[in-house]
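**Q** I would like the atomic coordinates for the input below:
(one chain, ligands or ions: 1)
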Amino acid sequence: EEWQDRGASVIRQQEVDSSGQTVTRTVKKGVKDFNFGRTLGEGSYSTVLAATDRQTLKEYAIKVLDKRHIIKEKKVKYVNIERDTLNRLTEHPGIVRLYYTFQDERSLYFVLDLASSGELLGVLKKMGSFDMECARFYGAEILDSVAYMHSRGVIHRDLKPENVLLDKDMHVKITDFGTAKILPEPRVGGAGSQEAPGDPTDGAETDRAVSFVGTAEYVSPELLRDKNACKASDLWAFGCIIYQLLAGRPPFKAANEYLTFQKILALDYTFPDAFPEVARDLIERLLVLEPANRLPIEHIRNHRFFDGVQWGKGLWRQKAPRLK
Ligand code: ADE
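**A** All right, here's what the predicted structure looks like:
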């Protein structure tokens with residue numbers, strides 16, 4: 001079976017039977033356990049629907065993927081990467097969590113956190129641009145989420161305001177790990193470690209590396225030059241996002257992809273008049289052609305741009321600033 005499920009979808013339910021004995025049943029969630037609602041988004045291989053768990057009434061976003069289409073278009077590998085990645089990133093409020101996976105004859109289903117306020121891109125477009133307070137808050141939540149995924153050995157590779165979703169309280173939920181790269185984890189598997197040895201992307205990685213280029217405006221120069229993404233590639237995209245939050249448009253934008261790539265490789269961008277100096281300083285330390293020379297996450301956190309941010313749990317408990 002090509003689509004064997006793992007871990008995430010199995011729940012254990014303890015019950016007392018008629019003879020008074022406690023029995024543990026393993027129950028698997030399936031399509032019939034949810035009421036499906038409105039369409040939240042549509043991609044080339046999937047549709048995301050709002051859904052409610054019939055038992056708990058908890059709301060989710062369910063990504064429905066068409067098996068035949070995925071096989072025909074040879075995307076099986078990427079669907080597996082998305083599931084494996086999300087299964088590794090379950091302990092952070094800034095990343096869309098995968099609760100269950102199941103399938104029927106036609107489709108695969110990923111049951112995810114619902115981010116009911118939609119894409120950061122939509123909010124940004126409606127506002128035009130953000131003030132410093134909002135840019136600092138959303139920048140901090142994105143950075144905290146990226147720091148977590150990197151600590152778990154995941155490079156996103158396609159960070160952009162469309163992949164930054166917002167929950168009902170306007171906190172960040174990063175999504176779309178179908179083009180992520182899983183690094184072998186630099187930790188010894190202790191109790192509770194369930195990872196199989198080896199990198200699940202071994203072998204797959206070489207052809208992906210040459211075939212995958214993220215979204216033109218946020219692509220790093222090393223990906224264009226060497227077809228090679230590293231953790232710092234996500235920090236390039238992060239620099240592009242901070243710029244966009246304040247300027248209302250990404251730093252590298254041209255009439256077509258080719259011209260955009262040329263601008264990126266030449267580091268050809270300028271700041272609008274009256275762009276805050278402290279943000280400009282941070283962005284100039286992120287949009288650096290050589291990935292090794294980009295400001296590392298620990299230093300980004302301590303940059304003046306983020307002065308006053310409570311890093312850690314406080315950030316996620318804080319009330320999101322009013323959009324201005
Ligand atoms: N669109 C895509 N994924 C989504 C999610 N998890 N929540 C809301 N809308 C989405």
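**Q** Give me the phi and psi for the closest residue to the ligand within the stretch 201-324 of the chain.
**A** Residue of the stretch 201-324 of the chain nearest the ligand, by CB to the nearest ligand atom: T215 (15.6 Å). (Each C-beta comes from the backbone N, C-alpha and C, glycine too.) Main-chain torsions, T215, degrees, to the nearest 10: phi -70, psi 130.
**Q** so it touches H156, yeah?
**A** No. Taking CB atoms under 8 Å as the definition, T215 is not a contact partner of H156, at 11.6 Å.
**Q** Looking only at neighbour counts, state which of the two leads.
**A** Set T215 next to H156 and count neighbours by other CB atoms under 10 Å: H156 wins out with 27 against 18.
**Q** unless I'm mixing things up, that one is touching S145, no?
**A** No. Counting by CB under 8 Å, H156 does not reach S145; the two are 9.1 Å apart.
**Q** residues shared between the contacts of those two?
**A** Any residue near both H156 and S145 by CB atoms under 8 Å, 6 or more residues apart in numbering counts here, and that gives I174.
**Q** where's the nearest residue to F177 once chain neighbours are set aside, which helix or strand?
**A** With sequence-adjacent residues excluded and distances taken as CB to CB, 6 or more residues apart in numbering, F177 is closest to T85, at 4.1 Å. In this assignment (DSSP states H and E), T85 forms part of helix 76-88.
**Q** other SSEs contacting the next helix or strand after that helix?
**A** Sequence-wise, the next helix or strand downstream of helix 76-88 (DSSP H and E) is strand 98-103. With contacts taken as 3 or more CB pairs under 8 Å, 6 or more residues apart in numbering; DSSP states H and E, strand 98-103 sits against helix 76-88, strand 107-112.
**Q** Could you count how many residues lie near R301?
**A** For R301, using other CB under 10 Å, the count is 16.
**Q** go on, Q318?
**A** Around Q318 there are 15 residues (other CB under 10 Å).
**Q** Can you report phi and psi for D131?
**A** Given degrees, to the nearest 10, the pair of backbone angles that D131 has is phi -80, psi 180.
**Q** How about C230?
**A** Dihedral angles for C230 - degrees, to the nearest 10 - are phi -130, psi 180.
**Q** got the contact list for it?
**A** Per CB under 8 Å, 6+ apart, neighbours of C230: 155, 222, 291.
**Q** who wins for neighbours among these?
**A** Most neighbours among the contacts of C230, by other CB under 10 Å: I155, with 22 neighbours.
**Q** hang on, isn't that one packed against N228?
**A** No. In this structure, I155 is not within contact of N228 by CB under 8 Å, at 10.8 Å.
**Q** Toward the C-terminus, what is the element adjacent to the top helix by length along the chain?
**A** If you go by DSSP state H, the chain has its longest helix at helix 132-151. Next in sequence after helix 132-151, counting helices and strands by DSSP H and E, comes strand 154-155.
**Q** Pairing partners for the helix or strand that that following strand is followed by, with directions?
**A** Following strand 154-155 in sequence order, the next helix or strand is strand 164-166 (DSSP H and E). With DSSP bridges as the test, strand 164-166 is paired with strand 118-119 (antiparallel), strand 172-174 (antiparallel).
**Q** That concludes my questions; thank you for your assistance.
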